[in-house]
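>>> here is my input; please provide its structure:
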Amino acid sequence: GLCGDGLADDREQCDDGNADSHDLCTNGCLLAACGDGFIQQQSGEQCDDANAQDGDGCSAQCKPEQQGDCGDR
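Residues are numbered from 1 along each chain as shown. Got it, this is the predicted structure:
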């Protein structure tokens, strides 16, 4: 099958049959995760800067950081 046909095959983690990368299955047929560059509000992400680093404005838990504020890490 093809990604987006609604049927997950062995090469796909999921396939929800749509082209929306902001839900729980991206348009690349990968399960949504913090660090994938897409904000999934359903899972509580508030930002997603496509990495898993703290200290760059968006934490590794996909929460906004205030640079230099105590307790933001």
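
>>> in this protein, where is pLDDT below threshold?
Scanning the chain with the threshold set as pLDDT under 70 gives 67-73.

>>> isn't Cys29 up against Asp10?
No - in this structure Cys29 lies outside contact range of Asp10 using Cβ atoms under 8 Å: 11.2 Å. C-beta here means a position set from N, CA and C on the backbone, and glycine is covered the same way.

>>> which of these two has more neighbours?
For Cys29 and Asp10, the more surrounded residue by other Cβ atoms under 10 Å is Cys29, and the numbers stand at 19 against 5.

>>> which ones are touching the more buried one?
By Cβ atoms under 8 Å, 6 or more residues apart in numbering, the residues touching Cys29 are Cys3, Gly4, Ala8, Arg11, Glu12, Gln13, Cys14, Asp15.

>>> repeat the analysis, applying 7 Å as the threshold.
Cys29 makes contact with Cys3, Glu12, Gln13, Cys14, Asp15 under the criterion Cβ atoms under 7 Å, 6 or more residues apart in numbering.

>>> not counting sequence-adjacent ones, nearest residue to the fourth one?
Leaving aside its sequence neighbours, Cys14 sits nearest to Cys25 (Cβ to Cβ, 6 or more residues apart in numbering; 3.8 Å).

>>> so what's the one you found up against?
Listed by Cβ under 7 Å, 6+ apart, the contact partners of Cys25 are Cys14, Asp15, Asp16, Leu31, Ala32.

>>> for the fourth one, list each beta-bridge partner.
The reference is to Leu31. Leu31 has these beta-bridge partners by DSSP bridges: Cys25.

>>> thinking it is in contact with Glu12, fair?
No - counting by Cβ atoms under 7 Å, Leu31 does not reach Glu12; the two are 9.7 Å apart.
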